[in-house]
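Peer 1: next input, structure requested:
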Amino acid sequence: MLQALDAIFQVFYIVLFVWIILSWVRPEYGSWLWDVQQALNNLMDPLLAPIRQVMPTGGMGIDFSPIVLLILIRILRTMIYSSFG
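Peer 2: The predicted structure follows:
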């Protein structure tokens, strides 16, 4: 059970990391990377939207919500693992 949960968390971390990188790169419209970015936006935006509502952007317009999401997922992961002893 813990191995399956760990695999899910690892996949989530990779997806979030790829989404962050693609948000910096800004792929060209119509390319396959643009399609990947749009799919990841559809996946990540519902998770990041509540954080963005609570957290203002940094002074330079930097979005810290992915970092907050990573921290929250790590806390959730720790809580789940500690409950299994």
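Peer 1: how far away is the residue nearest the centre of the chain from Pro50?
Peer 2: Nearest residue to the geometric centre of the chain (CA atoms, centre = their mean): Leu16, 3.5 Å. Leu16 is 15 Å from Pro50, where distance means CB to CB, to the nearest Å. Backbone N, C-alpha and C define where each C-beta goes, glycine included.
Peer 1: kindly report the same for Leu5.
Peer 2: 23 Å.
Peer 1: what comes into contact with stretch 47-58?
Peer 2: In this structure, residues lying in contact with stretch 47-58 by CB atoms under 8 Å, 6 or more residues apart in numbering are Asp63, Phe64, Ser65, Pro66, Val68, Leu69, Leu72.
Peer 1: secondary structure element for the first one?
Peer 2: Taking DSSP states H and E as the definition, one finds Asp63 inside no helix or strand.
Peer 1: same check, this time on the fourth one
Peer 2: Under the criterion of DSSP H and E, Pro66 resides in helix 65-83.
Peer 1: against which helices or strands is that helix packed?
Peer 2: Applying 3 or more CB pairs under 8 Å, 6 or more residues apart in numbering; DSSP states H and E, we find helix 65-83 packed against helix 2-25, helix 32-54.
Peer 1: adding distance to Ser82 and mean pLDDT, write those out as CSV.
Peer 2: Putting these into CSV (distance: least, CB to CB, whole Å; pLDDT from 0 to 100) gives the following:
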stretch, distance to Ser82, mean pLDDT
helix 2-25, 11, 89
helix 32-54, 23, 92
